[in-house]
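Visitor: Need coordinates for the below:
(one chain, ligands or ions: 1)
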Amino acid sequence: MTIAIRRAILEDAAGISAVWEAIVAEKIYSAVDRVFTPDEQREYLGALSPREARFVAEDGGRIVGFQTLDRWSNFMTSTLHVGQLGTFVLKDYRGTGIGPRLAAATFDFARAHAYEKLVVFVRGSNSGAQAFYESLGFRECGRLTRQVEIDGKYDDEVLMELAF
Ligand SMILES: CC(C)(COP(=O)(O)OP(=O)(O)OC[C@H]1O[C@@H](n2cnc3c(N)ncnc32)[C@H](O)[C@@H]1OP(=O)(O)O)[C@@H](O)C(=O)NCCC(=O)NCCS
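Guide: Numbering: from 1, shown residues only. Predicted coordinates for the structure are as follows:
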């Protein structure tokens, strides 16, 4: 399979929404428990500031994963150097190096846009994603206990950070 990594465009909204649908249905990887519709994704992509980006992994026209770099805050200048990440790859495509390739694109963008550190929230039970972010250099720096409740099951959220 040949996977292309590129910056998301508005036309990717439906494909990204389909990835959300799969992740939300799995229930174990994210605190997000409802699907963002194509219209919501289009609105989100259109509203990104010049210092924010979403990179997508595409296999023959199908979006199979994405990574988002958002500002930590959209109302304070004191945290302009801090970005927040999220990464989601479809099940059949995990374990093939897409996550690291998305991260390489995001990190290049982040460095070029004056970010000095990146932060990510990962569910406490999601040891695979924690290992993924550790492999990129992130380290755990905090934990919110019983922060997520889905179908009556509680989970922590682990906070991880990486300084460039
Ligand atoms: C976590 C995720 C983004 C990683 O992307 P990926 O393309 O599958 O990443 P890779 O398998 O290429 O892994 C890269 C490195 O991360 C680590 N890693 C990834 N998944 C892992 C797992 N399940 N267990 C242990 N280590 C893991 C390994 O160090 C791996 O390097 P290696 O292959 O040389 O051992 C992807 O698996 C995913 O989307 N998972 C479901 C959604 C999710 O949990 N998102 C994170 C929410 S914050």
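Visitor: Which stretches in this protein count as strands?
Guide: 3-7, 53-59, 62-71, 82-89, 117-123, 139-150, 153-163 (DSSP state E).
Visitor: Direction included, what does the shortest one pair up with?
Guide: This points to strand 3-7. As defined by DSSP bridges, the strand partners of strand 3-7 come to strand 53-59 (antiparallel).
Visitor: re the thing from before, switch the strands of the chain over to TSV; also include mean neighbour count and mean pLDDT.
Guide: C-beta: built from backbone N, CA, C; applies to glycine. Below are these laid out as TSV (neighbours: other Cβ atoms under 10 Å; pLDDT from 0 to 100):
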stretch	mean neighbour count	mean pLDDT
strand 3-7	14	98
strand 53-59	21	98
strand 62-71	21	98
strand 82-89	21	98
strand 117-123	20	97
strand 139-150	12	97
strand 153-163	16	97
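Visitor: Now for Val148: which residues touch it?
Guide: By Cβ atoms under 8 Å, 6 or more residues apart in numbering, the residues touching Val148 are Ala31, Arg123, Tyr154, Asp155, Asp156, Glu157.
Visitor: Centre of the chain to stretch 11-22, how far?
Guide: The chain centroid and the centroid of stretch 11-22 are separated by 13 Å under Cα atoms, centre = their mean, to the nearest Å.
Visitor: Please spell out which residues along it are buried.
Guide: Asp12, Ala13, Gly15, Ile16, Ser17, Ala18, Val19, Trp20, Ala22 (16 or more other Cβ atoms under 10 Å).
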